[in-house]
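*Asks:* please work out how this folds:
(one chain, ligands or ions: 1)
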Amino acid sequence: MLNVVIFGAPGSGKGTQSELIIKEYGLDHISTGDVLRSEMKNETELGKIAKDYIEKGQLVPDELIVNMLAKVLDSKANSKGVIFDGFPRTIPQAEALKKMLNERGTDVSIMLNLQVDEDELIKRLLERGKVSGRSDDNLETIKSRLEVYHKQTAPLADFYVKEGKHVAIKGMGTIEEIFGRIKEAINAVK
Ligand code: AMP
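*Replies:* Purely as a prediction, here's the structure:
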């Protein structure tokens, strides 16, 4: 299996690049943010709990996310590979992912760390907020999401450096230029 973790700050282009990767390599997509938004829309128990965290720009507790991820992963059992978008976001999540994949006889193949300047991130997220309808794409929540990213999520890069899976990708430029860099990185491990 080709399992790709797409990593980066909010607004770094994870969703956009995931779509291109899926088309090119025929992978399944798991976006924990999308799953949570669908739970919120359907007003499930998980959705109701997640809403408060999401609207404050904070992370939903690891245990809830890991249980949710395990269920989604089981539904992709016959997949050629999975792109993990917005997950893992903490060290315990990365450890849980490794364990879950190892139990299924596979592992993360590569972690793509999209690097984008901070003012560009804010610009993109505010732009997206005009059309996304997302309750967390407003300046106040964007600022706390970026702070949470720097404090809780960015340190995860080291975890994947130690695993020998980390590849830094310059996330500035056109969508095609960035995708070109991503393809080069994926083709090197495929
Ligand atoms: P995203 O769509 O990936 O930007 O996620 C939107 C929001 O959902 C985040 O700001 C978090 O509140 C929550 N979320 C998504 N994925 C995770 C995760 N892996 N761990 C914790 N919270 C998450």
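*Asks:* who in the protein is up against the ligand?
*Replies:* By CB under 6 Å from any ligand atom, the residues of the chain that approach the ligand are 10, 32-33, 36, 53-54, 57-60, 65, 86-87, 89, 93, 136, 145. For the C-beta atoms, the positions are set from N, CA and C on the backbone; glycine is no exception.
*Asks:* run a quick neighbour tally on Met111.
*Replies:* Met111 sits with 25 neighbouring residues when counted by other CB atoms under 10 Å.
*Asks:* partner residues bridging it?
*Replies:* Under DSSP bridges, the beta-bridge partners of Met111 are Val5, His166.
*Asks:* look up how far Met1 lies from it.
*Replies:* For Met111, the distance to Met1 equals 15 Å [CB to CB, to the nearest Å].
*Asks:* spell out for me which residue occupies the centre of the protein.
*Replies:* The residue lying closest to the centre of the chain (CA atoms, centre = their mean) is Gly86, at 1.8 Å.
*Asks:* ok, that one touching Arg37?
*Replies:* No. Using CB atoms under 8 Å, Gly86 makes no contact with Arg37, being 10.7 Å away.
*Asks:* let me see the backbone angles for the residue in the chain positioned nearest to the ligand.
*Replies:* Among all residues of the chain, Gly33 sits closest to the ligand, at 2.0 Å; criterion: CB to the nearest ligand atom. Main-chain dihedrals, Gly33, degrees, to the nearest 10: phi -60, psi -40.
*Asks:* wait, isn't it in contact with Phe84?
*Replies:* No. Under the criterion of CB under 8 Å, Gly33 is not in contact with Phe84, lying 11.4 Å apart.
*Asks:* the two: who's more crowded?
*Replies:* Neighbour totals were compared for Gly33 and Phe84, and Phe84 leads with 26 against 19 (other CB under 10 Å).
*Asks:* coming back round to it: which residues does the closest residue to the residue of the chain closest to the ligand other than its chain neighbours contact?
*Replies:* Nearest non-adjacent residue to Gly33, counting by CB to CB, 6 or more residues apart in numbering: Gly86, 4.5 Å away. The contact partners of Gly86, by CB atoms under 8 Å, 6 or more residues apart in numbering, come to Lys14, Ser31, Thr32, Gly33, Asp34.
*Asks:* restrict these to the buried ones and give me that as a PyMOL selection.
*Replies:* To isolate the buried ones among those in PyMOL, judged by 16 or more other CB atoms under 10 Å, type:
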select buried, resi 14+31+32+33
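*Asks:* and the contacts of Gly86 as JSON lines, adding secondary structure and pLDDT?
*Replies:* Output for the contacts of Gly86, formatted as JSON lines (DSSP: H, G, I helix; E, B strand; the rest coil; pLDDT from 0 to 100):
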{"residue": "Lys14", "secondary structure": "helix", "pLDDT": "97"}
{"residue": "Ser31", "secondary structure": "strand", "pLDDT": "97"}
{"residue": "Thr32", "secondary structure": "helix", "pLDDT": "97"}
{"residue": "Gly33", "secondary structure": "helix", "pLDDT": "96"}
{"residue": "Asp34", "secondary structure": "helix", "pLDDT": "96"}
